[in-house]
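A.B. asks: would you be able to build a 3D model of this:
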Amino acid sequence: MGDCIFCKLANGEIPTEMVYEDDFVAAFKDLNPQAPVHILVVPKKHYNNILDVENGDDIIAKIYSAINVIAKKENIDKSGFRVITNCGEDAGQTVMHMHFHIIAGRKLGDKIV
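C.D. replies: Here you go, the predicted structure:
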């Protein structure tokens, strides 16, 4: 997707502060953080949302592996964190590139977000 902002960020076309990067996944700080730690984890390949992931595609495993590394690097692995992905406009997805929010750094409470 030539005009996708997350594609451009993940692939280095737009500078950002990378928290994690490998051949398949990029992670960077959210520009509008909802908590002291708010990191977006995105695949470098464009998927609109999780419904675009086909059987046999291991991108979700790669993303969760990256989240594991990031949680340890950011020292939130012991205190706890939340991982959220929105799928579609009614769920609150505003950028149509599959992404996962890592949210931490304060007590998040019982509510969903």
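A.B. asks: I63 - that's part of a strand, no?
C.D. replies: No - counting by DSSP: H, G, I helix; E, B strand; the rest coil, I63 falls outside a strand, being helix.
A.B. asks: longest strand in the chain, please.
C.D. replies: Across the chain, the longest stretch assigned as strand under DSSP state E is strand 37-43.
A.B. asks: mind listing the strands for the chain?
C.D. replies: 18-21, 25-29, 37-43, 82-84, 100-104.
A.B. asks: distance to N75, mean neighbour count and mean pLDDT for these - can I get that in CSV?
C.D. replies: Backbone N, C-alpha and C define where each C-beta goes, glycine included. Output for the strands of the chain, formatted as CSV (distance: least, CB to CB, whole Å; neighbours: other CB atoms under 10 Å; pLDDT from 0 to 100):
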stretch, distance to N75, mean neighbour count, mean pLDDT
strand 18-21, 12, 16, 97
strand 25-29, 15, 21, 97
strand 37-43, 9, 23, 98
strand 82-84, 16, 15, 95
strand 100-104, 9, 21, 97
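A.B. asks: middle-most residue in this structure, spatially?
C.D. replies: What sits nearest the mean C-alpha location of the chain, by CA atoms, centre = their mean, is V41, with 2.2 Å.
A.B. asks: do I have it right that that one meets I67?
C.D. replies: Yes - V41 is within contact range of I67, at 5.9 Å (criterion: CB atoms under 8 Å).
A.B. asks: what is in contact with those two at once?
C.D. replies: In terms of CB atoms under 8 Å, 6 or more residues apart in numbering, V41 and I67 are both contacted by the residues F100, I102.
A.B. asks: report the separation between the residue nearest to the centre of the chain and S79.
C.D. replies: 18 Å (CB to CB, to the nearest Å).
A.B. asks: so where's the chain shaky on pLDDT?
C.D. replies: Across the chain, the ranges flagged by pLDDT under 70 are 1, 112-113.
A.B. asks: give me every residue that touches the closest residue in space to I84 that isn't next to it in sequence.
C.D. replies: Among residues not flanking I84 along the chain, H101 sits closest, at 4.5 Å (CB to CB, 6 or more residues apart in numbering). Shown in contact with H101 (CB under 8 Å, 6+ apart): D30, Q34, H38, I39, L40, V41, R82, V83, I84, T85.
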